[in-house]
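Engineer: Following is a predicted model, sequence given first.
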Amino acid sequence: MQELYPLLAEAEVLVLAAPIYYFTLSAQIQAPIQRIYNMNKPGNLKKTALLASSYSPNVYDGAIGEYRGIINYWGVEDTGIVTAKIDEQKTDATRNRILELVGKLSA
Ligand SMILES: Cc1cc2nc3c(=O)[nH]c(=O)nc-3n(C[C@H](O)[C@H](O)[C@H](O)COP(=O)(O)O)c2cc1C
């Protein structure tokens, strides 16, 4: 986390990317998200996005609710959310959705 704090302090764009583990973002991404508490808000942040994958459909409500709650608190722009259940992963359609998001994040 000590490596992440300076990067987060500089970042203008933040993409959270994680698999869904039991109806929410995996613990591996929850840990750094929760430690952002220590800096309250990444000061230069302007845009964010969420990428999440799962095996099943309709398992994203918890992750999306958490993501929206955090970015509303930070007062930053949601650039978009891309989810991919098992049959949507590694497809051209999902790749194109991510590339579209990258275009908006870098605009
Ligand atoms: C511990 C664990 C919990 C998981 N829980 C869910 C779940 O609640 N719903 C679901 O659709 N997929 C669940 N999955 C499947 C992952 O979301 C899926 O494997 C992942 O999106 C694909 O990314 P990966 O290549 O990193 O595994 C779980 C996987 C693991 C290992």
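Structural biologist: Done, it's in. Since this is a predicted model, take the numbers as computed values, not measurements.
Engineer: Would you mind measuring from the most centrally placed residue in the chain to the ligand?
Structural biologist: Nearest to the geometric centre of the chain sits Leu16, at 2.4 Å (CA atoms, centre = their mean). Using CB to the nearest ligand atom, to the nearest Å, we find Leu16 at a distance of 14 Å from the ligand. The C-beta positions use only the backbone N, C-alpha and C, and glycine is treated the same way.
Engineer: which is the next helix or strand following the one helix or strand that residue maps to?
Structural biologist: Per DSSP states H and E: Leu16 is located in strand 13-21. Counting by DSSP H and E, the next helix or strand C-terminal to strand 13-21 is strand 24-25.
Engineer: partners of that next one, with directions?
Structural biologist: Its sheet considered, strand 24-25 pairs with strand 13-21 (antiparallel) by DSSP bridges.
Engineer: can you list contacts of the strand it pairs with?
Structural biologist: Contacts with strand 13-21, where a contact means CB atoms under 8 Å, 6 or more residues apart in numbering, come from 8, 25-29, 33, 42, 45-54, 59-60, 63, 67, 105-106.
Engineer: now those residues: which count as buried?
Structural biologist: Among the contacts of strand 13-21, those buried by neighbour count (16 or more other CB atoms under 10 Å) are 8, 25, 29, 42, 45, 47-54, 59-60, 63, 67, 105.
Engineer: Out of these, list just those in strands.
Structural biologist: Judged by DSSP state E, the buried ones among the contacts of strand 13-21 include Leu25, Lys47, Thr48, Ala49, Leu50, Leu51, Ala52, Ser53 as members of strands.
Engineer: right, and out of these, which lies closest to the ligand?
Structural biologist: Ser53 (3.3 Å; CB to the nearest ligand atom).
Engineer: quick one: is stretch 44-61 near the ligand?
Structural biologist: Yes - figure legend: stretch 44-61 in contact with the ligand (CB under 6 Å from any ligand atom); contacting residues Ser53, Ser54, Tyr55, Ser56, Val59.
Engineer: State the mean pLDDT of that stretch.
Structural biologist: For stretch 44-61, mean pLDDT is 98.
Engineer: Which residues of the protein lie near the ligand?
Structural biologist: Residues of the chain lying near the ligand (CB under 6 Å from any ligand atom): Pro19, Ile20, Tyr21, Tyr22, Phe23, Ser53, Ser54, Tyr55, Ser56, Val59.
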